[in-house]
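Trainee: What follows is a predicted protein model with its sequence.
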Amino acid sequence: MGYYTPKKFWFGTAPFVSPTPNIPSDPGKMQWIDAPIQGADMSTSDWGSTNVFLNGGAHVSQSRGSYKSYSFEWRESSSPQTVSMIQGYRNGSYGRGLIHFLTPDAYESNALPERWAHPGLSLGVEGRHLPVFKKSGSAYQLAQDPSVTGTVTPQNDWNLPLTSLQYDLSSAMLRPDTAVVRNSGMVFVPIPAGFYALINAWGSEGGIILSTTTGDAPIFRPFSANAYEDAGFSDSLTPLTSVTGGLFLGLATETDALSISALSVKLISREEVLPNFNIEGLRKLVTRRGLWNSGMGNSGTRFAPGGITMNYNSPVGGGRMGFAASFTEVGDSLR
């Protein structure tokens, strides 16, 4: 099956937590759907301004962060059932959560959104920092407005970003612990059925927390003591089958400090993982795919205004249709 299948597309909604009592929460629904045809538009957009000086020089201001826009078209011979399924996601029949999917470029590079892959992007006026939880026993509390500073990333062979983040929680207010930590700003990472997630995190203080979509208690994984030398190896490999559709990932610390350089999630097919499911085999998998790459995933999308465009083509086999839909990344903007 390789790292993705060109005929199928992992697509669906993340779990939704209702803000009002008259709308129920729902578990979301991820599933394989027919893949869009080739030539899909996957663009990044940012804020920018260009000025030309009187002396003929130029000045450009732009945001370091960006959001993604997607425009997909499905083949002209699609069945009405496929169109109906996509329409069901558009109108909320399959959950009110954000729409998530994995494009082929994310599997082997980094399935995380760009700000989660490189937390240092939030420095300056680039937006809010990633949420951090204070861990005390089995309880987690979200830190409100911790002090955040940038530092130089230690020398390494992992192609990491040059800037890291240090959090100081000593004077931060802590939000009272809630039963479901994953609803407090953790990022959802879709994991297709039949795949494993290779999770690497580089930092010197604190660690990451993982939670499945079923709402299990978060698992805390401290950063390896030698994170910049070996990336944690077996500690950083977290095989999670996707029977639950994906996982939630966040940052946490048991002290008042957390230092994070980069995060990476790569997806490996079961066919490749199982023959290597031993210490030496896992070490080789991490080494071969351990180099950090920029985030190629998204933080959650919505259907762009205009909905779905459809055209009827043939009455064969109950009817055949072509259709297209566009999506805009909004997840990080809503945090």
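Mentor: Structure received.
Trainee: wait, residue 217 sits on residue 138?
Mentor: Yes. Under the criterion of Cβ atoms under 8 Å, residue 217 makes contact with residue 138 at 6.6 Å. The C-beta positions use only the backbone N, C-alpha and C, and glycine is treated the same way.
Trainee: These two - which one has more neighbours?
Mentor: Set residue 217 next to residue 138 and count neighbours by other Cβ atoms under 10 Å: residue 217 wins out with 13 against 9.
Trainee: My reading is that that one is in a helix; is that accurate?
Mentor: No. Using DSSP: H, G, I helix; E, B strand; the rest coil, the assignment for residue 217 is coil, not a helix.
Trainee: show me the contacts for it.
Mentor: 138, 211 (Cβ atoms under 8 Å, 6 or more residues apart in numbering).
Trainee: can you count the residues close to the nearest residue to residue 323 once chain neighbours are set aside?
Mentor: Of all residues not flanking residue 323 in the chain, residue 310 sits nearest, at 4.4 Å (Cβ to Cβ, 6 or more residues apart in numbering). Burial measure for residue 310: 17 neighbouring residues, criterion other Cβ under 10 Å.
Trainee: ok, and residue 310, which helix or strand is that part of?
Mentor: Using DSSP states H and E, residue 310 maps to strand 301-314.
Trainee: Would you mark the buried spots in that strand?
Mentor: Buried positions in strand 301-314, judged by neighbour count with 16 or more other Cβ atoms under 10 Å: 301, 303, 308, 310.
Trainee: ok, the third one - contacts?
Mentor: Residues near residue 308 by Cβ under 8 Å, 6+ apart: 83, 86-87, 90, 323-325.
Trainee: Show residues contacting the strand or helix carrying residue 150.
Mentor: Remark: residue 150 resides in strand 147-152, with elements defined by DSSP H and E. The contact list for strand 147-152 (Cβ under 8 Å, 6+ apart) reads 120, 122-123, 129, 162-168, 170-172, 259.
Trainee: who wins for most neighbours among the residues you listed?
Mentor: residue 165 (26 neighbours).
Trainee: these two touch, right, that one and residue 129?
Mentor: Yes. With contact defined as Cβ under 8 Å, residue 165 counts as touching residue 129 (6.8 Å).
Trainee: mind listing the helices for the protein?
Mentor: Secondary structure of the chain, counting by DSSP state H: helices at 80-90, 104-108, 114-117, 227-230, 270-273, 279-289, 331-334.
Trainee: and among those, the most buried is which?
Mentor: Comparing these by mean neighbour count (mean count of other Cβ atoms under 10 Å), helix 114-117 ranks first with a mean of 24.
Trainee: Packing partners of that one?
Mentor: strand 257-269 (3 or more Cβ pairs under 8 Å, 6 or more residues apart in numbering; DSSP states H and E).
Trainee: quick one: buried residues of the strand it packs on?
Mentor: Across strand 257-269, burial judged by 16+ other Cβ under 10 Å covers 258-269.
Trainee: Compile those residues into JSON lines and extend it with columns for pLDDT and distance to residue 70.
Mentor: Below are the buried residues of strand 257-269 laid out as JSON lines (pLDDT from 0 to 100; distance: Cβ to Cβ, whole Å):
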{"residue": "258", "pLDDT": "95", "distance to residue 70": "32"}
{"residue": "259", "pLDDT": "94", "distance to residue 70": "34"}
{"residue": "260", "pLDDT": "94", "distance to residue 70": "28"}
{"residue": "261", "pLDDT": "94", "distance to residue 70": "29"}
{"residue": "262", "pLDDT": "93", "distance to residue 70": "24"}
{"residue": "263", "pLDDT": "93", "distance to residue 70": "22"}
{"residue": "264", "pLDDT": "90", "distance to residue 70": "22"}
{"residue": "265", "pLDDT": "90", "distance to residue 70": "19"}
{"residue": "266", "pLDDT": "86", "distance to residue 70": "21"}
{"residue": "267", "pLDDT": "86", "distance to residue 70": "18"}
{"residue": "268", "pLDDT": "83", "distance to residue 70": "24"}
{"residue": "269", "pLDDT": "82", "distance to residue 70": "24"}
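Trainee: can you redo those residues as CSV with distance to residue 332?
Mentor: Formatted as CSV, the buried residues of strand 257-269 follow (distance: Cβ to Cβ, whole Å):
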residue, distance to residue 332
258, 19
259, 21
260, 16
261, 19
262, 17
263, 14
264, 17
265, 16
266, 21
267, 21
268, 26
269, 28
